[in-house]
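J.: Mind looking at a prediction? Sequence and model below.
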Amino acid sequence: MSTEERGTEAPVDAEDVAPEPERLHGALVTYSRGQQVLHVSREDYLPLLRALADDGFHFCADVTAADYLQARHPDLPDSVTPERFEVVVNLLNMQERRRIRVRVQVPGDDPVLPSLFDLFPGTEAPEREVFDMFGIRFEGHPDLTRILMPEDWIGHPLRKDYEVGIIPVQFKGAPSSR
Amino acid sequence: MTTRNPTDATMGLSEGAQEIRPRSQTPVTELLREVGSVLRLSEADAATLAVDEPEAADDETMIINMGPQHPSTHGVLRLMLELRGEQVLRCKPIIGYLHTGMEKTGEDLTFLQGTTNVTRMDYASPLINELVFSMAVEKLLEVEVPPRAVWIRMLMAELVRVQSHLLFLATNGMDIGAVSMMIFGFREREEVLSFFEQVTGLRMNTNYIRPGGVAADLPDGWRASVERILDVLPPRLDEYDTLLTGQPIWRERLQGVGVITAEEALALSASGPILRSTGVAWDLRRDMPYLAYDQVDFDVLVGSYGDAFDRYAIRLNEIRESLKIIRQVLDMMPMGDYRVQDRKVTPPPRARIDESMEALIHHFKIFTEGFKVPEGEVYVAVESPRGEIGCYLVSDGSSKPYRMHIRGPSFYNLQSLPHMMRDGLIADGVAIISSVDPIMGEVDR
């Protein structure tokens, strides 16, 4: 618990100042604009979340993802290997009134992650949304189906290689006034 | 179009049906979730559940659709219900009918245009969406908003909470059959909306709160208009108490209906009045203060039964608390700038454009290219009338967000609906949906 006492008010560039990288339950800690962020590998993802839940982070505020197809991941420490997808989990500790964010890298050629459903049943819908929008599968999810798009939809809209639709030009054949 | 090419690497993922299916075709894990057993954490409870839950054969039950066109589903919510007689055995909300890809659209709009996009998500409390998005952008920019802008934002946020709860009272009354309440609720809401029109030019989707401050200073006579609202509303709220709160029919329809416990609500990530109705005193305005909420005095209201009546009573009395805050805002409203005077973030005053070439250039740059936001990612959350609304924002250093995600409270709150509906009567279903107060624009985004 000693590493946690810094709270969210810790300096923004804590990782530059500290010679030894800060760790919490084995996960690398960084600060993004003063917000505490944990970086974890796919294998340690579920054990870390379980440890955080035991620490009092009982409320899973948000599960979302981002697709860094060719872009650089913001504020990623050097020791973490960037992958195409990044799943972001926001947890809330109501007792200590603080938030923590977990970022986990998910490779693009094998987008699978264990589901948090057993730990936080409230992740049922957001994990389905991440699956729907990014095509990241959650193992152990009871009902992993599309949630926002129609069930026969092809493709995952929030991926960066999914282009936004083009509205065909109307009156294409009409003669121009000029 | 390349986007729907079947050779896409995404093919081969199993994408099953979204619908509720007969028990014989439903996998055990899915069935357990639908009957709510995953939330009963202790083994003793699980054992009683097995006894309580008689095996329902497929020919004894009926699966029906409620919605998406049902008038009480607040837009386009579709519920699939498994019924035995009038009893609801399983319930599954099916959403997405209002999905317009606003998060994808948000990646294509500049940070300045972003507020016009997010304001349309939760259309019943548009200013709160603008607030959370603007606060996320400001967090990335690391700019400090001037005090007057902070207090203007608080004034508007509380007024929007008042009108959102009034809308809830109106629709809740209509759903349950107190039709006169619908007229009253909309009438009082109009008082607040006409103030929004006076300040922002629009009744809804105002695009008033923007990164760096607010779009314009409060107009002349704003204080009188707010005081009018403060005079008009309290006696009308007392009228609602007379009309509804003490009325036996109203209480019969709501008390003990749609009960959810604190453990269930927390596990399901429910927030706002749903969480508070179970007795958990959690309000971001008090517990993780933003803006200047630590300088005003107000109470966080909690219920004790977690039923539809508690949720109604909490929302009704939160209007009174909001009015209390607005009264304090009137006293403490500071003078000064209503937006950051940073030419790289906010446009110069209109008058400067006529006399200064630099002002003209800045104005042109901001409205064509937008301002650049340093690389980074943040999550900012505020208390909306429906619970915690969060904005996860990633910037790659350009003038458009790389990823913009809104944590809509209704989207999460909707997950508690099946647990409230279970074992209830279908006639209570309407009361329960109404008490969750989902705004489908925010659920589907």
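T.: Received the coordinates, thanks.

J.: And the strands in chain B?
T.: Assigned by DSSP state E, the strands in chain B fall at B:62-66, B:78-84, B:87-94, B:209-210, B:213-214, B:376-384, B:387-395, B:401-407.

J.: go on, chain A?
T.: Counting by DSSP E, chain A has strands at residues A:23-24, A:27-32, A:35-40, A:59-67, A:85-93, A:98-106, A:112-114, A:137-139.

J.: which of those strands sits most buried?
T.: With neighbours taken as mean count of other CB atoms under 10 Å in any protein chain shown, the strands of chain A reach their highest mean count in strand A:59-67, at a mean of 25. (Glycine included, C-beta is placed from N, CA and C.)

J.: Make a markdown table from the strands of chain B and add mean neighbour count and distance to chain A to it.
T.: Shown next, in a markdown table, are the strands of chain B (neighbours: other CB atoms under 10 Å in any protein chain shown; distance: least, CB to the nearest CB, whole Å):
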| stretch | mean neighbour count | distance to chain A |
| --- | --- | --- |
| strand B:62-66 | 15 | 15 |
| strand B:78-84 | 20 | 12 |
| strand B:87-94 | 22 | 9 |
| strand B:209-210 | 26 | 19 |
| strand B:213-214 | 26 | 19 |
| strand B:376-384 | 24 | 5 |
| strand B:387-395 | 26 | 5 |
| strand B:401-407 | 25 | 4 |
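
J.: on that earlier part again, to chain B, which of the strands of chain A lies closest?
T.: For chain B, the closest of the strands of chain A is strand A:59-67, at 4.2 Å, according to CB to the nearest CB.

J.: Could you tell me how far B:Lys139 is located from chain A?
T.: Separation of B:Lys139 from chain A (CB to the nearest CB, to the nearest Å) stands at 5 Å.

J.: and that residue, what does it touch?
T.: Shown in contact with B:Lys139 (CB atoms under 8 Å, 6 or more residues apart in numbering or on different chains): A:Arg33, B:Val378, B:Val380, B:Leu393.

J.: Need the worst-confidence member of these.
T.: On pLDDT alone, A:Arg33 ranks lowest of the contacts of B:Lys139, at 87.

J.: Distance-wise, check that one relative to chain B.
T.: As judged by CB to the nearest CB, A:Arg33 and chain B stand 5 Å apart.

J.: Need the phi and psi values for that residue.
T.: Per-residue torsions, A:Arg33: phi 50, psi 40 (degrees, to the nearest 10).

J.: contacting residues around A:Leu148?
T.: The contact partners of A:Leu148, by CB under 8 Å, 6+ apart, come to A:Glu129, A:Asp132, A:Met133, B:Ile95, B:Gly96, B:His99, B:Asp444, B:Arg445.

J.: Once you drop chain neighbours, what's closest to the residue in the stretch 151-300 of chain B positioned nearest to chain A?
T.: Residue nearest to chain A within the stretch 151-300 of chain B (CB to the nearest CB): B:Ser269, separated by 2.9 Å. Among residues not flanking B:Ser269 along the chain, A:Gly122 sits closest, at 2.9 Å (CB to CB, 6 or more residues apart in numbering or on different chains).

J.: likewise A:Phe134?
T.: Excluding its sequence neighbours, the residue lying closest to A:Phe134 (CB to CB, 6+ apart) is A:Ala65, at 4.8 Å.

J.: Let me know whether the one you found touches A:Phe131 as I believe.
T.: No - taking contacts as CB atoms under 8 Å, A:Ala65 lies outside contact range of A:Phe131: 9.4 Å.

J.: Neighbours of B:Arg251, how many?
T.: With neighbours defined by other CB atoms under 10 Å in any protein chain shown, the count for B:Arg251 comes to 14.

J.: So for it, what pLDDT did the model give?
T.: pLDDT recorded at B:Arg251 is 90.

J.: what does B:Tyr312 give?
T.: Looking at B:Tyr312, the pLDDT reads 92.

J.: Same check on A:Ala174?
T.: In this model, A:Ala174 is scored at 63, pLDDT.

J.: Show me which residues of the stretch 251-400 of chain B sit near chain A.
T.: Residues of the stretch 251-400 of chain B found near chain A (CB under 8 Å from any CB of the partner chain) are B:266-270, B:280, B:282, B:287-288, B:375-379, B:381, B:388, B:390, B:392, B:394-396.

J.: Output the lowest mean pLDDT helix or strand found in chain A.
T.: Lowest by mean pLDDT, DSSP states H and E among the helices and strands of chain A is helix A:14-17, with a mean of 52.

J.: If you could redo that for chain B, that was the one I meant.
T.: Ranked by mean pLDDT, DSSP H and E, the weakest helix or strand in chain B is helix B:43-52, scoring a mean of 49.

J.: Now do the buried residues in stretch B:245-254.
T.: Residues of stretch B:245-254 classed as buried by neighbour count (16 or more other CB atoms under 10 Å in any protein chain shown): B:Thr245, B:Trp250, B:Arg253, B:Leu254.

J.: so where's chain B uncertain?
T.: B:1-16, B:28-29, B:33-58, B:71-73 (pLDDT under 70).

J.: Can you spell out which helices and strands pack onto the helix ranked longest in it?
T.: Assignment by DSSP state H gives helix B:147-176 as the longest helix of chain B. Here helix B:147-176 touches helix B:126-141, helix B:179-200, strand B:213-214, helix B:222-240, helix B:248-254, helix B:308-332, helix B:426-436, going by 3 or more CB pairs under 8 Å, 6 or more residues apart in numbering or on different chains; DSSP states H and E.

J.: By proximity to chain B, which residue of chain A wins?
T.: Residue nearest to chain B within chain A: A:Gly122 (2.9 Å; CB to the nearest CB).

J.: want to try a markdown table for the buried residues of stretch B:245-254, with distance to B:Tyr293 as columns?
T.: Output for the buried residues of stretch B:245-254, formatted as a markdown table (distance: CB to CB, whole Å):
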| residue | distance to B:Tyr293 |
| --- | --- |
| B:Thr245 | 27 |
| B:Trp250 | 32 |
| B:Arg253 | 34 |
| B:Leu254 | 30 |
